[in-house]
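S.K.: Have a look; sequence and predicted model below, questions after that.
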Amino acid sequence: QFYRARLRSSLADVSLHDTDKQKATIQTQVTSLQRHLDAWARIQELYMPVVCQLWHRSSNASRKSQELKPEDFNLWLPSHLPANTPVDHKL
């Protein structure tokens, strides 16, 4: 959440004529956030395999309308899963 908020803040601060330094900072933040999301996804695949199906459904739907942005990535936390999603509550 911290990385996502920081990136959104940086994107909001960018003017129409942003500098090379601003562009580099934003790209660094996007890359960092994407690495954290990739790590989260790998760990979540081990403990919540059903989430892979949800990711594919949501990414296919969002790719049709627009490019998937890391700051808009759905984390699929257990509390945000659809009610009928099977989850091992022992984890």
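M.R.: Okay, I see it. This one's a predicted model, so the numbers in the text were calculated from it and none came from an experiment.
S.K.: ok, so what distance separates Gln22 from His56?
M.R.: In this view, Gln22 and His56 are 34 Å apart by CB to CB, to the nearest Å. Quick note: C-beta positions are derived from backbone N, CA and C, even for glycine.
S.K.: Looking at the two now, which is surrounded by more residues?
M.R.: The neighbour comparison of Gln22 against His56 (other CB atoms under 10 Å) goes to Gln22, with 14 against 10.
S.K.: And that one, how far from Thr28?
M.R.: The value you get for Gln22 to Thr28, if CB to CB is used, is 11 Å.
S.K.: check contacts around the closest residue to Val30 other than its chain neighbours.
M.R.: Nearest residue to Val30, sequence neighbours excluded (CB to CB, 6 or more residues apart in numbering): Pro70, at 5.9 Å. By CB atoms under 8 Å, 6 or more residues apart in numbering, Pro70 lies in contact with Arg4, Leu7, Val30, Leu33, Gln34, Leu37.
S.K.: Make a PyMOL selection of whichever of the residues you listed turn out to be buried.
M.R.: When burial is assessed using 16 or more other CB atoms under 10 Å, the buried subset of these is captured in PyMOL by this command:
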select buried, resi 4+7+30+33+37
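S.K.: Show me the contacts of Pro70 that map onto strands.
M.R.: Under the assignment DSSP state E, these contribute nothing to strands.
S.K.: what are the phi and psi values for the residue nearest to Val30?
M.R.: As for Pro70, its main-chain torsions (degrees, to the nearest 10) stand at phi -60, psi -30.
S.K.: For the remainder of this discussion, apply numbering that starts at 30.
M.R.: Taking 30 as the first residue, the last one we looked at is Pro99.
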